[in-house]
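here's my sequence, what's the structure:
(2 chains)
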Amino acid sequence: DAGVTQSPTHLIKTRGQQVTLRCSPKSGHDTVSWYQQALGQGPQFIFQYYEEEERQRGNFPDRFSGHQFPNYSSELNVNALLLGDSALYLCASSLGTDKGYTFGSGTRLTVV
Amino acid sequence: GENVEQHPSTLSVQEGDSAVIKCTYSDSASNYFPWYKQELGKRPQLIIDIRSNVGEKKDQRIAVTLNKTAKHFSLHITETQPEDSAVYFCAAPDPNSNSGYALNFGKGTSLLVTP
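Numbers count the residues shown, from 1 in each chain, chains lettered A, B, ... in the order given. Here you go, the predicted model:
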C-alpha cells in the first residue's frame, strides 16, 4: 500500500521563477493538504483540496496556487519565487472529513 | 499555527525518565488533537491523537490528555528511549475554517533522550 509520494525531492530555483510540486495521496485517500515548513518551524497550512476544489486556504499570497486531479493527485504552484519561499513543502493526504493526516517526505525547495 | 502554542521548545531527559509536552489552543469548538513525531530529515508521522469526547488516550509508552475547560492537551512519554529523540508537533483544527478540516501545528518541541 503506497503512502504519500511527492516529487521532486529537491529543487533549486532562481528568484522570480515559477515552480510546480506534485503529490500522490495514499491509496484510498481523497483529500490533499499542502504545508510549508521553514527550518526549525512547524508546518504552516497553505491550502486543502477535496473533490478537485480548494476547500480551505491558509494565510498565503495568491502566488501560491494548486490543483487536484480526478485521481486525487495534486499540484502546488508557486509563481514569482522569493528567497523566503525556500522551505520544505509537505503534502498530507486524508480521507474525507477524517482529520488524520499521512504526510509525504516533502520537497525541499531552495530559491537562490 | 496562530491558534496553537506549544511548550517547551526543547526538552532534554535521561533515558528511562518521562517527558511531557504541552499545547494550548484557542477555539473551544475544536474537537481533534493529533501529535506528530518528525525525525531529522524525515516526514512527520502521526503517533497518537485524541478526540474531544475523551479525556485521555494511551498507546503503550505514549499517552495524550485533554483538558477542554482549560483548552490544553499534553503528550506524555514514559520510560523514554534514545530512539524517542525527535521533534514533536501538536496540532488542532484551524478555527478560521467553516469546517475545521485543516490543522494548525505548534512550533515543535525538540526532545533529546540521553543514554
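
can you pull the contacts of residue B:66?
If a contact means C-beta atoms under 8 Å, 6 or more residues apart in numbering or on different chains, then residue B:66 has B:33, B:50, B:52, B:54-56, B:72-73 as its contacts. Where you see a C-beta, it was placed from the backbone N, CA and C, and this is true even at glycine.

from those, pick the one nearest chain A.
residue B:33 (9.4 Å; C-beta to the nearest C-beta).

tell me what the helix or strand hosting that closest one is packed against?
Assessed by DSSP states H and E, residue B:33 sits inside strand B:32-38. The elements that strand B:32-38 packs onto, with contact taken as 3 or more C-beta pairs under 8 Å, 6 or more residues apart in numbering or on different chains; DSSP states H and E, are strand B:45-51, strand B:62-67, strand B:86-93.

Throw these into CSV and include mean pLDDT, thanks.
Written out in CSV, the entries for the helices and strands packed on strand B:32-38 read as follows (pLDDT from 0 to 100):
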stretch, mean pLDDT
strand B:45-51, 94
strand B:62-67, 97
strand B:86-93, 95
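
tell me which of those strands is the most buried.
The highest mean neighbour count among the helices and strands packed on strand B:32-38 belongs to strand B:86-93 (a mean of 25), with neighbours defined as mean count of other C-beta atoms under 10 Å in any protein chain shown.

and residue A:62, which helix or strand is it part of?
Secondary-structure assignment from DSSP H and E places residue A:62 in no helical or strand segment.

quick revisit: between the helices and strands packed on strand B:32-38, which one is nearest to residue A:68?
Within the helices and strands packed on strand B:32-38, the stretch nearest residue A:68 is strand B:86-93; the backing value is 20.7 Å (C-beta to C-beta).

in its sheet, what does the next helix or strand after the closest one sit against?
The helix or strand immediately downstream of strand B:86-93 is strand B:103-105, counting by DSSP H and E. Looking at strand B:103-105 with DSSP bridges, its paired strands and their directions are strand B:86-93 (antiparallel).

return the alpha-carbon coordinates of the partner strand using CSV.
The C-alpha trace of strand B:86-93 is given here as CSV (Å, rounded to 0.1, in the frame of the first residue of the first chain):
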residue,chain,number,x,y,z
ALA,B,86,12.9,13.8,17.6
VAL,B,87,10.8,16.9,17.1
TYR,B,88,7.3,16.5,18.3
PHE,B,89,4.4,18.7,16.9
CYS,B,90,0.9,19.1,18.3
ALA,B,91,-1.9,20.3,16.1
ALA,B,92,-5.5,21.5,16.3
PRO,B,93,-8.2,22.4,13.8
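
now the residue in chain A that chain B sits nearest to, what's its secondary structure?
Evaluated by C-beta to the nearest C-beta, chain A has residue A:42 as its residue closest to chain B, separated by 3.8 Å. For residue A:42, the secondary structure call by DSSP: H, G, I helix; E, B strand; the rest coil comes out as coil.

gap between the residue in chain B positioned nearest to chain A and residue B:71?
Among residues of chain B, the one nearest chain A by C-beta to the nearest C-beta turns out to be residue B:105. It sits 3.8 Å away. The gap separating residue B:105 from residue B:71 is 16 Å, by C-beta to C-beta, to the nearest Å.
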